[in-house]
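Asks: Sequence first, then the predicted structure:
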Amino acid sequence: DKLKFISVSESQTDILKTILAIHLPKRINFQCDLTAWKLGFYKNGLPKPLYCYDKYASILNNNDIRDLAKFETDWHDGTFENIVIDLPCSVETPSTKSRFDVSTHFSSLPELRQEHEKMLRLAYRKMQTDGILVYKTMDFTYLNTPYWLSDEVLRMAKEIGFTISPAAKGAFIDL
């Protein structure tokens, strides 16, 4: 019953649980998270995905998270019913990234755009025709000006081939 769900929540975990219940009712967890990092979404009652990847898996010392570079060769195109992506949503200039906060922000706006597009293209290739991509993003202020990253990501997703209709190649759900 879709009426029992609220449409807004402060809890990312609750939002992901609701997406599962509405759009993937036969699943208790997502198939794949390409930005699992420290598995933050999955610490409060949401079972972790079957397959977890991250660009910085090598520094995490967590055997549950594989290196994102291996994702390309681990799976054939069109394998996944659903994928979760949660890239950083900010730019810090100059960057103060350390070895332990590599996933917190990008060092430039072009780097941010490039990574978001790269991940969208990767997910699009690896998803089934009627797959669902859950993409977490947000808007932010850059150089004292609002930057509408959510609009940028939606535009990129549509150009790549995603739609917001589950009937076509790759449904896109933006948290």
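Replies: Thanks, I have the structure now. Because the structure is predicted, anything quoted here is derived from the model rather than measured. Residues are numbered from 1 along each chain as shown.
Asks: Specify the beta-bridge partners of the residue most central in space within the chain.
Replies: With the centre of the chain defined as its mean C-alpha position, the nearest residue by CA atoms, centre = their mean is residue 85, 1.0 Å away. Listed beta-bridge partners, residue 85: residue 135 (assigned using DSSP bridges).
Asks: Run through the neighbouring helices and strands of the biggest helix by length in the chain.
Replies: If you go by DSSP state H, the chain has its longest helix at helix 109-126. Where contact means 3 or more CB pairs under 8 Å, 6 or more residues apart in numbering; DSSP states H and E, helix 109-126 is packed against helix 68-74, strand 80-85, strand 127-135, helix 149-160. Using the backbone N, CA and C atoms, a C-beta is placed for each residue, glycine as well.
Asks: try it again with 6 Å
Replies: Secondary-structure packing of helix 109-126 (3 or more CB pairs under 6 Å, 6 or more residues apart in numbering; DSSP states H and E): strand 80-85, helix 149-160.
Asks: which stretch in those is the model least sure about?
Replies: Lowest mean pLDDT of the helices and strands packed on helix 109-126: helix 149-160, a mean of 91.
Asks: Report the angle between that one and strand 127-135.
Replies: 170 degrees (axes from the mean of the first three to the mean of the last three CA atoms, to 10 degrees).
Asks: next one: helix 149-160 to chain centre, how far?
Replies: For helix 149-160, the separation from the chain centroid amounts to 13 Å (computed by CA atoms, centre = their mean, to the nearest Å).
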